[in-house]
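**Q** Dropping a prediction and its sequence here:
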Amino acid sequence: MQRNDFQKLVVASAIFFFSNYLTSMFLPVYYLNLGLSIGDIVKLLATTFLIIGLLPITLLKFVKNFERIICLGVLFTTVFYALLTFVKNPIVLGVAYGFSIATYWPSFNLLQFRLSESSIRARSVSLFSIIIPSVASIAGPATGGLIIENFGFTAVFGFAVTLYFVALIFFVRVKYKRETAGLNVPRSKKLAIFFVTFVIFGLCEAYWLAYPLFVNRVSETVSRMGFVLALTSLVVSAITFLVNWLSDIKMRRAEFATIGVALNAAWFFLLGRVTAPQHIVFLSALSGLASAFTISWFAHYGDSFNREQYASILVLMEAGLMVGRLINLVPTYIFISKADFQSYFTLLGTLILSVIPILVYSKHVSEK
């Protein structure tokens, strides 16, 4: 990809992520205001996760220009936010949300891998996956919270739809490469190891429902919730790039990921005991370090396979995450229906520690 295309992708991604953070963390609050129960939201997310995990595999098998699907992803995202104002059926919303994510993220991740060499992969991945989203998430939630507080959800969704259209203009102007390898599944022990870790990472994701509702409860108002999320993102973005720069220099991906998992577990254990917004902001330094170190595992994923296999391993990663996310909906329904956030976060903190032995074993396999 030429420098000009790289710049277009950066601008398009920045607009897309600002639009995303303007609204996404407030979606669980909106669903409850819409009259949906926790059970309804679980159905919505189950539908979403199934599509995210299965659709990219189908698309890669039959669509040659897989990278260009990212444009379709932006379009579907625009449609989803337009539907939110008019549709209350959780299955319909889950299908729309699933299509928006399933057609955006695999192509976006593929572009990240192809744009970077191993020597700078953690920094490149962190630029597109953490730095740009983190910077966007500083302004996004604060702006979104204020708009919702003063004008309502309809206004913020309308603003987001407009921004997604602008992002789409930049995305369609990028020159994408055709995918010639198709679905090319590597048959190796390494892939099995990665797949298991992605299942566990998906199982331990809290940002779909529990964390936003928890921050909203602690913050008490939507506008304050937006500012709390913005401050936490500021801390995270300040930490991330330096850690991933160090990861590229040291090239010790598994060790960095192990540190990230341990920090993530500590964050979960402490998060359940939070009682004030400032505590969430304080703990964001811990979650920022956790994310920064853990992203090395994603960079290691790219280092471990050939370029012609990148598209295949990325759609398989989504499948692994899907399995974990679907399992996660069980404790989500059990604990979040009762607003028992402490038990939920403690469970996730315990479960994510199970990744560490796998990371240690992966290092042993790599050294053979």
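**A** Okay, I see it. Residues are numbered from 1 along each chain as shown.
**Q** from here on, contacts and neighbour counts on C-alpha atoms
**A** Noted.
**Q** Okay, now the unreliable bits of the stretch 1-150 of the chain?
**A** Regions of the stretch 1-150 of the chain meeting the criterion pLDDT under 70 cover residues 1-6, 112-130, 134.
**Q** Can you list the residue ranges for helices in it?
**A** Applying DSSP state H, counting those that start in this stretch to the stretch 1-150 of the chain gives helices spanning 3-23, 27-33, 38-62, 69-83, 90-102, 105-115, 121-126, 132-151.
**Q** Pick the most deeply packed of the ones you listed.
**A** Between the helices of the stretch 1-150 of the chain, helix 121-126 has the highest mean count of neighbours, a mean of 26, where neighbours are mean count of other CA atoms under 10 Å.
**Q** What count of nearby residues applies to Phe305?
**A** Number of residues near Phe305 (other CA atoms under 10 Å) recorded here: 14.
**Q** SS state for it?
**A** The three-state label given to Phe305 by DSSP: H, G, I helix; E, B strand; the rest coil is coil.
**Q** Need phi/psi at it.
**A** Recorded main-chain torsions at Phe305 are phi -140, psi 160, according to degrees, to the nearest 10.
**Q** what's the closest of the helices of the stretch 1-150 of the chain to Ala254?
**A** Taking CA to CA as the criterion, helix 121-126 is the member of the helices of the stretch 1-150 of the chain that comes nearest to Ala254, at 12.4 Å.
**Q** ok, the nearest residue to Leu84 once chain neighbours are set aside - contacts?
**A** When the adjacent residues along the chain are set aside, Leu84 lies closest to Leu93, with 7.4 Å between them (CA to CA, 6 or more residues apart in numbering). Leu93 sits next to 44, 80, 83-84, 87 when contact means CA atoms under 8 Å, 6 or more residues apart in numbering.
**Q** In the residues you listed, find the pair that's most separated.
**A** Of all pairs drawn from the contacts of Leu93, the one with the longest distance (CA to CA) is Leu44 and Leu83, at 13.9 Å.
**Q** want to try JSON lines for the helices of the stretch 1-150 of the chain, with distance to Phe198 as columns?
**A** JSON lines is the format used below for these (distance: least, CA to CA, whole Å):
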{"stretch": "helix 3-23", "distance to Phe198": "23"}
{"stretch": "helix 27-33", "distance to Phe198": "24"}
{"stretch": "helix 38-62", "distance to Phe198": "12"}
{"stretch": "helix 69-83", "distance to Phe198": "22"}
{"stretch": "helix 90-102", "distance to Phe198": "16"}
{"stretch": "helix 105-115", "distance to Phe198": "14"}
{"stretch": "helix 121-126", "distance to Phe198": "17"}
{"stretch": "helix 132-151", "distance to Phe198": "21"}
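**Q** Quick one: closest of those to Val199.
**A** Proximity of the helices of the stretch 1-150 of the chain to Val199 was assessed by CA to CA; the nearest stretch is helix 38-62, lying at 11.3 Å.
**Q** now that closest one against helix 69-83, angle please.
**A** 150 degrees (axes from the mean of the first three to the mean of the last three CA atoms, to 10 degrees).
**Q** of the helices of the stretch 1-150 of the chain, which approaches Ser291 most closely?
**A** In this view, the helices of the stretch 1-150 of the chain are compared for proximity to Ser291 by CA to CA, and helix 121-126 is the closest at 9.6 Å.
**Q** got a pLDDT number for Thr232?
**A** We note a pLDDT of 76 for Thr232 in this prediction.
**Q** Isn't it up against Ser284?
**A** Yes. With contact defined as CA atoms under 8 Å, Thr232 and Ser284 form a contacting pair (5.1 Å).
**Q** Out of the helices of the stretch 1-150 of the chain, the one nearest Phe298 is which?
**A** Once the helices of the stretch 1-150 of the chain are compared by CA to CA, helix 121-126 is nearest, at 8.1 Å.
**Q** Give me the neighbour count for Leu203.
**A** Quick note: Leu203 (other CA under 10 Å) scores 23 neighbours.
**Q** nope, Ala192 is what I was after
**A** For Ala192, the neighbour count with other CA under 10 Å is 12.
**Q** Can you tell me the closest non-neighbouring residue to Ser37?
**A** Closest residue to Ser37 in three dimensions, ignoring its sequence neighbours and counting by CA to CA, 6+ apart: Tyr31, at 8.0 Å.
**Q** who touches the helix or strand hosting Ser343?
**A** With elements taken from DSSP states H and E, the one containing Ser343 is helix 341-352. Contacts made with helix 341-352 from outside it, assessed by CA under 8 Å, 6+ apart, are listed as 200-201, 203-204, 210, 214, 261, 264-269, 271-273, 331-332, 335-336.
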